[in-house]
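Undergrad: I'll drop the sequence and a predicted model, then ask my questions.
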Amino acid sequence: MKKKTTKTAAANKKLTVKNIFLFVKSVVSSALLVMIINSTLIQASRVPTGSMENTILIGDFLFINKFLYGPSTPQSIPFTNIELPYIQLPGIKDPKLNEIIVFRFPGNRDEIKAEKIDYYVKRCVGTPGDTVQVINKVLYVNGKQFPIPPNIKYERWEIYPPHLIEPGIFPIGSNWNGDNYGPIVVPKKGDVIKLSVDNIDAWATFINRENGEAVVNIVGDEILIEGKPVESYTVQNDCYFMMGDNRDNSLDSRYWGFVPRKNIAGSPLIVFWSWDPSISFMEPFRLLSSVRLDRIAKLVD
């Protein structure tokens, strides 16, 4: 009887180990599948800020089309800030003017690289080679007034005059503000930028970002890139200019610069859920009562 009991216990232990293995295998396989789908096809994303109000609201949950502009292998480990080597695949098309774009944040104005992996959603108002300018809050691209988004929002009606210099505006030394900005030309691949001690501060971070490290130095009246004296720089990547529809409350290209093509992640498709994020999960009934039924299944454009 004791021998039979020992065999049964051993069999149960073996079965338990097998079940654990199958469970772990299932979890890992599911996680890998989610990573692949999330990076190449469709990604779910929550909107944490009001920079695109009233087109997209805080608390909207979006499905993002990752295939349109070029999927990639996973760029980071989910829920972490750990980057992975990745391969960018060809897309169906390049971003166009007036399209709403999801992109990887390139960093604040003076940062070569963002401190953490973060994705922003803004409207594309400048493609490679375009000239962008804001005059008294009105946006112009290539000398023509840009189409006004149907849900555009202004939080203040006073206009910053052209002589008012807004701190933190891009690029350094531009002496502009968010209401009177530019003109500025969006760089395209192959453009040759003439460099001098007068404009290098405006271009240093851009050049460093393209090279992934600090390569620009100034020694006296001489500009060095990777230790070599230069008088010009050739742009390596097509770039884009992004702005939020909430024009007075949007941290966008006016404040941190251009978005390189490789940072473009996708385009929002549809709002699949929306509620008031200011309500705590500790108040489930109040939170559920805040669900915006009129926004669910709403297309984003």
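TA: Done, it's in.

Undergrad: I'd guessed residue 183 sits against residue 133; true?
TA: Yes: Residue 183 lies in contact with residue 133 (CB atoms under 8 Å); the separation is 4.1 Å. For the C-beta atoms, the positions are set from N, CA and C on the backbone; glycine is no exception.

Undergrad: Comparing the two, which shows the higher neighbour count?
TA: Here residue 183 and residue 133 are compared on neighbour count by other CB atoms under 10 Å; more neighbours surround residue 133, at 18 against 14.

Undergrad: Confirm the more buried one sits in a strand?
TA: Yes: counting by DSSP: H, G, I helix; E, B strand; the rest coil, residue 133 is part of a strand.

Undergrad: Begin at 13, not 1, for the rest of this chat.
TA: All right, first residue 13 from here; so that's residue 145.

Undergrad: In this structure it contacts residue 194, no?
TA: Yes: contact criterion CB under 8 Å: residue 145 and residue 194 qualify, at 3.7 Å.

Undergrad: Contacts for stretch 224-243, please.
TA: Residues from elsewhere that reach stretch 224-243 (CB atoms under 8 Å, 6 or more residues apart in numbering): 124-125, 206-209, 212, 215-216, 219-220, 223, 245.

Undergrad: Buried ones among the residues you listed?
TA: Among these, the ones that count as buried by 16 or more other CB atoms under 10 Å are 124, 207, 212, 215, 216, 219, 220, 245.

Undergrad: List the single closest residue to the second one in space, sequence neighbours excluded.
TA: The spatially closest residue to residue 207, leaving aside those adjacent along the chain, is residue 235, at 5.2 Å (CB to CB, 6 or more residues apart in numbering).

Undergrad: Same check on the first one?
TA: For residue 124, the nearest residue in space outside its immediate sequence neighbours is residue 220; the separation is 4.6 Å by CB to CB, 6+ apart.

Undergrad: a helix runs through that neighbour, doesn't it?
TA: Yes: the assignment for residue 220, made by three-state DSSP, places it in a helix.

Undergrad: Next one: it from residue 204, what distance?
TA: Note on residue 220: its distance to residue 204, by CB to CB, to the nearest Å, is 18 Å.

Undergrad: same deal with residue 100?
TA: On the measure of CB to CB, residue 100 and residue 204 end up 25 Å apart.

Undergrad: who's more crowded, those two?
TA: Each of residue 100 and residue 204 has its neighbours counted (other CB under 10 Å); residue 100 has more, 14 against 9.

Undergrad: That one contacts residue 275, doesn't it?
TA: No: using CB under 8 Å, residue 100 makes no contact with residue 275, being 10.1 Å away.

Undergrad: mind showing which ranges of this structure have poor pLDDT?
TA: Along the chain, segments meeting pLDDT under 70 span 13-27, 29-54, 90-91.

Undergrad: mind running it again at 50?
TA: Along the chain, segments meeting pLDDT under 50 span 14, 39-49, 51.

Undergrad: where along it do the helices fall?
TA: Secondary structure of the chain by DSSP state H: the helices cover 14-52, 212-223, 265-268, 296-301.

Undergrad: Go ahead and name everything in contact with the last one.
TA: When contacts are defined by CB under 8 Å, 6+ apart, helix 296-301 is touched by residues 287, 288, 291, 292, 293.

Undergrad: longest strand in this protein, by residue count?
TA: When the chain is parsed with DSSP state E, its longest strand is strand 276-286.

Undergrad: List the pairing partners of it within its sheet, with orientation.
TA: When sheet partners are counted by DSSP bridges, strand 276-286 sits next to strand 72-77 (antiparallel), strand 112-116 (antiparallel), strand 310-311 (antiparallel).

Undergrad: Tabulate those strands (CSV), appending distance to residue 136 and mean neighbour count.
TA: Below are the strands paired with strand 276-286 laid out as CSV (distance: least, CB to CB, whole Å; neighbours: other CB atoms under 10 Å):
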stretch, distance to residue 136, mean neighbour count
strand 72-77, 14, 21
strand 112-116, 5, 21
strand 310-311, 17, 12
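
Undergrad: which stretch among those comes nearest residue 260?
TA: strand 112-116 (18.6 Å; CB to CB).

Undergrad: May I have the closest one as CSV, with CA atoms only?
TA: Output in CSV follows, covering the C-alpha atoms of strand 112-116 (Å, rounded to 0.1, in the frame of the first residue of the first chain):
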residue,chain,number,x,y,z
ILE,A,112,-3.0,62.6,-37.1
ILE,A,113,0.1,60.7,-36.3
VAL,A,114,1.4,58.6,-33.4
PHE,A,115,5.1,58.9,-33.0
ARG,A,116,7.9,58.2,-30.5
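
Undergrad: From the chain's centroid, how far away is it?
TA: Strand 112-116 sits 5 Å away from the centroid of its parent chain (CA atoms, centre = their mean, to the nearest Å).
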